[in-house]
Structures are given as C-alpha cells and as structure tokens.
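**Q** build me a structure from this.
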Amino acid sequence: MLTVDELNQRETLLRTVTASAGALALDAFQTRKPGDFTLKGRQDFLTEADGAVENHVRAAIAAEFPEDGILGEEAGGALAERLWVIDPIDGTANFARGIAHFCVAISFCVKGETLLGAIFNPASNEFYFARKGAGATKNGTPLAVAATDAIANASVEIGWSPRVATTDYLAAQERVLAEGANIRRGASGALAIAWVAEGRTDGYAEYYMNAWDCLAGLLMVREAGGVTGAYPATEAELLMGGEIFAAAPGIAAEFSAAMKIAIAPTERKGEAA
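**A** All right, here's what the predicted structure looks like:
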C-alpha cells in the first residue's frame, strides 16, 4: 500500500511533469507545419509531438520512480501495482489542424484505482488536478459540477470512436436530443470530462474510450461531486477500453438512460491513501 508521503511525492512529480509536458506540446503546436501529421487509422491522428511528449513524461517518471509502471498511448505498457497512465496529447485532430483545444492527460493508479489525475491545456493555460478524497481544482480554484436539474436544460457532449457502429451513435444522439438536451463535440475527450467536473457542460458519454483518455477526468468528476460510470470495473480493464460516462447528479439518471450506459453502483470516494 502507498503511504501518504509516497503519494505526496507522486503528486509533486505529476504537477511538475504535466506542466513541462504541456510546455513541450505548446511549443510543438506553435511551430508545427500545416499538414505535418500521419494517420494511425480512420480519424486517428499522429504527430511528432505525441511521441516527444510521452518520452519526456516517461523519462521523468523513470528517473524518480523507476519501480512504477507506465502505460502510455504511444508506447504502451503493462499493468503494475503502481501505474502511471499517459495521454501525451489528447485532441490530436485539433492539434494537427491548428485548433487550440488539446491537452496533456496523466493519471496515477494503485491496484487499478485512480488516486491522482492532471489535465493541462497549455494553449489556454488551464490546469486541472484531482486527488482522491481531496477534491478537484482548476488553476488552484476548487471545481464543482453543474447544478442543472433536468436533461431538458442540459448541454452534453458525446464522443465518437470508430470501434463502435455509427448507427449506435446516431441512435444515442437521437435519444438524447429527444430528451431536450443540447449536444456539442469538442474532439478532446479528456477536456470534455474535465469540463463536466468544472460545470461547463453537464455530461459526457462515449461508447469506447481508452484508459489514458479518461482516468484523470473521471477522478475529477467524482471529486467535484459528479457521477461516473463503471469503467474501469477491474484493474485488467485498464489495458482495454470501455463505456465512459460522467455527469452532474441532476441529469445523471436521464442521461444514463438515454445513452444506455450504466452508472457505477458505488462512487469511489474516501481517503487519498
């Protein structure tokens, strides 16, 4: 088990390395050449910055905590009792096209449970952070989910993945629209979930999302008083993907029903370590 001092040390590193990784990503964003990207798959963008940022984060973690495991979007990894999960640039399609809505997302887990999470959009200088049992903040200011009390008054975001049939997404959007909600899409799942924690939007859902995209944000939502889905129900699911759900309590039941994604039976709150 991790001691409080050990978790404090990792929090310090997480804050520092997320900031430096964001600075590296921002420099790459500002100096990139239009069209300088490749495609890993359909609508799955890759830039040089993805690898450079992830390598930077991996090196910092390995130097300070060589016994910890690392799972990253670009270089992969394996499960470990103490595990760092890295998305070097979430919102790569935006990044590649010159849209300043992207972020670095990093979380720290113990035995599959997320204890720390950071999301940083260096273009807007918005730094989101959460620690289990200690709340969530943006640039040091505490976050709280929206007080919206009905889905008919809500603004939500629905993500998209080529792993799921388009017809499933269209059907979900039709159900959500029928409930009266407004649907938006910003093309960065990590930031979308952070926005739920902040109360900028009322909910986020996606039928398939990887651990590196969502763990930090889901912790933020829970710590900001919101409701999340079951993913990851087991430690092994960190190596797969799953259905992602985050919402303000006032719309959670209606949004969950419309998306047909279950809410977690228990919320993971409690002491940090």
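**Q** what are the ranges of the helices in the stretch 151-273 of the chain?
**A** 166-178, 189-198, 211-223, 249-259 (DSSP state H, counting those that start in this stretch).
**Q** which one, of these, ends up nearest to Ala52?
**A** With Cβ to Cβ as the criterion, Ala52 lies closest to helix 211-223 of the helices of the stretch 151-273 of the chain, at 16.3 Å. Any C-beta I mention is one placed from the backbone N, CA and C, and that applies to glycine too.
**Q** quick check: angle from the closest one to helix 189-198?
**A** Put simply, helix 211-223 runs at 0 degrees to helix 189-198, going by axes from the mean of the first three to the mean of the last three Cα atoms, to 10 degrees.
**Q** please state the offset of helix 211-223 from the chain centre?
**A** The chain centroid and the centroid of helix 211-223 are separated by 5 Å under Cα atoms, centre = their mean, to the nearest Å.
**Q** same check on stretch 52-65?
**A** With Cα atoms, centre = their mean, you get 19 Å for stretch 52-65.
**Q** next secondary structure after the lowest-mean-pLDDT helix or strand in the chain?
**A** None of the helices or strands of the chain scores lower by mean pLDDT, DSSP states H and E than strand 44-46, at a mean of 52. For strand 44-46, the following helix or strand on the C-terminal side (DSSP states H and E) is helix 48-64.
**Q** list the contacts of that next one.
**A** Here helix 48-64 makes contact (Cβ atoms under 8 Å, 6 or more residues apart in numbering) with 9, 13, 16-17, 20-21, 24-25, 28-29, 32, 36, 68, 70, 72-75, 84, 86, 88-89, 92, 95, 104, 106.
**Q** next, the angle helix 48-64 makes with the lengthiest helix in the chain.
**A** Taking DSSP state H as the criterion, the chain has its longest helix at helix 4-31. Helix 4-31 and helix 48-64 are oriented at 160 degrees to each other (the same axes, to 10 degrees).
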